[in-house]
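K.L.:
no FASTA, just this:
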């Protein structure tokens, strides 16, 4: 305790907040962080709050108290809980007008978290109301506590557990009526600042609506609901902050009603709320007239939430569709930010209609979607005085991207062909301006993919007009037209008489220096992908394009896409033509790479020509997408190219071994190269293994493990390769385990965990007996036991996959490698208890709920390997090790719940049943 005292802590606070020396401030910050972790911070923070020395000390003390309750409540013995509660209520009661809001919030959270954690505090709401409600100055912090308390119930830091949460909800439900009465009284008080009290009560009321604490009969006609609607109906008189809080309140009210499935036509109270929202249409128009966009956005949120809450009624009742009319009113607003708020509703509506697959129902919504598309067409229009293209990554560019996604989602409701024709009519109107033309083409571009290739009415006219565009046409119109041509690739494949003209048009655009080249390259890639067979005769021109790639004004990602398209055509070439063409195109990438290797002091500029990745990615795209159909007994046309390229690839690995980015991309190139020629790459296996084993020991790049797994996948079924591959695994194990055994080794190296256990799984897939008979399997299994708790999605999935693949060989139904079964049974018998213990501990304390399905599959596989009499004690010991009570003293899981979970797991026939039981069980501790 000598290290910490009130005065020393206060000096550190002053040094942190008022000091001028950065080093001293950093030192003070570290010291205070250590102090907050100590047991003494409880009493010192409490004393600082009593003394009220200054703002910084009060803030630090309040924050410390909140953090301690939230993260370290188990430090306090149960008999101190009541004194802590009384002390905090005293601090809350001493808050006055001068107290900073941040301090009020921290203290309110501390009280709320304590009320949730402290099992012996039976009636926190009633106690707080009795202690604080009679004092006018305490009304403000009391309202804040009442607001944050329901918000904290699902805090992942508190880990209340399902049982405690259920009890808290019952406490809040029981107190809801008196809380509502208190809030209504507060809202009507004349002795307090009216706007401030309205803001505070509405915020608190909203928080309680969200957790559905109030009965439906209490929320429709009470004074607070009426206040919210009254404030919203007078936008000119209501301040912005008050308008925001009233909006939150009504949205919470609507969501509450929607989740309780209140029937619009059968329940008059629900109908009244619906009508009240509909009456806000006038207020919406007033906000538009006054150009008060923030309030307009609020009304849009309310109308959208209304439709979301009554989504089922919208499908069944014509009356409920009034809500969609209100939303479309907002979509028609001149500011696209207002329209954007409604997008999620249209996504949801289109998904529901798609799932229902009811033409009659879909037809009911067609007029609404037509109006939506017309509005989106207007919003997508560029400014008439805009000279160039839209700059990427500005707000309007992002908005058009979202419009693009939405158009693709809703087009089926009206029909892509009908939408295309609707835009074509706009193009034919006399005196159509360039921005209207561009927007119509933009809409066409986003529905073109779904138009039938046999269409011969509109598309030929559109394509002809595009191909005849002059250089004087606005650049944005030309850009969007080119993108439209790319989207019409399937139609063009069916109208090959136009292919030559289209290719000439795109090649001309590709050579331009005005921003059209990227669009032309993207469109050409699509044409290559759709018209593979018909593009074979143009291969010489495509090779020339690949040769001249760096003369075009396109970035490397677009260039890679173009190489992908060309490679798809290469695949269709006869074998005698494929090899020279492929060698030439690959050579265009490898020659500059070889020149980089000869340069001794070349500065690596990411994404530039001096970056090896620039060329490696291009070569990788070519290799990946050139996939000719070659029988196993015929030499692959690319084997010679790969063998010739190996010395260069090996030099890249050697020279840039410390650069993880370059190593990853090079390993990816190796991966696709081996995948393409498969067992015919056998000559590369030995030199490749020798090099990656040495480099992995030096640099620990996990991509070498991944290359190892590709080699296992391709060559482990050949008996002559198995010994060398097992030696490779042994060489990988020592540096891997050394890395993972460092402090936080698992957490800091999830890619290594992922790739190592992916590699181990490949051995189990391809040569299980040899691995299970080796001395390597036990240390790998033990490492996997430790890695169970890693909460990284891909890494944990690979660990679980390893266990599943291993245990599968122990099933009685395993006839393919029956000699593996006794080896797996021995492993499971020896380590099964530790496996179940670690899986349960990880599921309860570390893993996310979406990761539990993999855990369930491991448990289910284990049940098929060990006997029921073995599995029962494994599970019993794991459950016995779990804490019986949470930090607040409340029972986490009752014996009945433990028995139910155990019985479900033991008796379950499917992984799904185990997964569901596991998810339900872990909620008891979260």
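P.N.:
Looks like it arrived, so ask away. All values reported here derive from a predicted model rather than from experimental measurement.
K.L.:
contacts and neighbour counts: CA atoms only from here.
P.N.:
OK.
K.L.:
next one: residue 502 from residue 53, what distance?
P.N.:
According to C-alpha to C-alpha, to the nearest Å, residue 502 and residue 53 sit 78 Å apart.
K.L.:
do residue 7 as well
P.N.:
11 Å.
K.L.:
ok so, going back, so between residue 502 and residue 53, which is more surrounded?
P.N.:
The residue with more neighbours, out of residue 502 and residue 53, is residue 502; 23 against 11, by other C-alpha atoms under 10 Å.
K.L.:
for the most centrally placed residue in the chain, what are its contacts?
P.N.:
Nearest residue to the geometric centre of the chain (C-alpha atoms, centre = their mean): residue 793, 11.8 Å. By C-alpha atoms under 8 Å, 6 or more residues apart in numbering, residue 793 lies in contact with residue 851.
K.L.:
go again with 10 Å.
P.N.:
750, 754, 847-848, 850-851 (C-alpha atoms under 10 Å, 6 or more residues apart in numbering).
K.L.:
kindly report the same for residue 233.
P.N.:
227, 243, 276-277, 279-284, 286.
K.L.:
what's around residue 760, how many residues?
P.N.:
Neighbours around residue 760, by other C-alpha under 10 Å: 27.
K.L.:
and it, what helix or strand is that in?
P.N.:
Remark: residue 760 resides in helix 750-766, with elements defined by DSSP states H and E.
K.L.:
now swap in residue 573 and tell me
P.N.:
Counting by DSSP H and E, no helix or strand carries residue 573.
K.L.:
so residue 616 makes contact with residue 653?
P.N.:
No. Counting by C-alpha atoms under 10 Å, residue 616 does not reach residue 653; the two are 11.7 Å apart.
K.L.:
shared neighbours, the two?
P.N.:
Common contacts of residue 616 and residue 653, defined by C-alpha under 10 Å, 6+ apart, comprise 662, 666-667.
K.L.:
save these as a markdown table, and put in pLDDT, neighbour count and distance to residue 293 too.
P.N.:
A markdown table is the format used below for the shared contacts of residue 616 and residue 653 (pLDDT from 0 to 100; neighbours: other C-alpha atoms under 10 Å; distance: C-alpha to C-alpha, whole Å):
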| residue | pLDDT | neighbour count | distance to residue 293 |
| --- | --- | --- | --- |
| 662 | 96 | 20 | 49 |
| 666 | 97 | 24 | 52 |
| 667 | 97 | 22 | 52 |
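K.L.:
can you list which of these are found in strands?
P.N.:
Per DSSP state E, strands hold no members of the shared contacts of residue 616 and residue 653.
K.L.:
per-domain residue ranges of this structure.
P.N.:
If you go by the TED database, the domain ranges for the chain are 231-238+252-333, 579-594+607-627+635-682.
K.L.:
list the contacts of residue 364.
P.N.:
Counted by C-alpha under 10 Å, 6+ apart, residue 364 has contacts 315, 318, 321, 413.
K.L.:
any quick ChimeraX command for the buried ones out of those residues?
P.N.:
Once 16 or more other C-alpha atoms under 10 Å is used to decide burial, the buried members of the contacts of residue 364 can be selected in ChimeraX as follows:
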select :315,321,413
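K.L.:
my guess is residue 111 meets residue 127, correct?
P.N.:
No. At 11.8 Å, residue 111 does not count as touching residue 127 under the criterion of C-alpha under 10 Å.
K.L.:
of the two, which one has the most company?
P.N.:
Ranked by neighbour count (other C-alpha under 10 Å), residue 111 and residue 127 place residue 111 first, with 30 against 13.
K.L.:
roughly how far does the more buried one sit from residue 141?
P.N.:
For residue 111 relative to residue 141 (C-alpha to C-alpha), the value is 10 Å.
K.L.:
common neighbours of those two, please.
P.N.:
Between them, residue 111 and residue 141 share these contacting residues under C-alpha under 10 Å, 6+ apart: 92, 105.
K.L.:
check which helices and strands the host helix or strand of residue 60 sits against.
P.N.:
If you go by DSSP H and E, residue 60 is part of helix 55-72. Counting contacts by 3 or more C-alpha pairs under 10 Å, 6 or more residues apart in numbering; DSSP states H and E, helix 55-72 packs against helix 6-18, helix 22-37, helix 41-51, helix 81-93, helix 101-117.
K.L.:
nice, that's everything, thank you.
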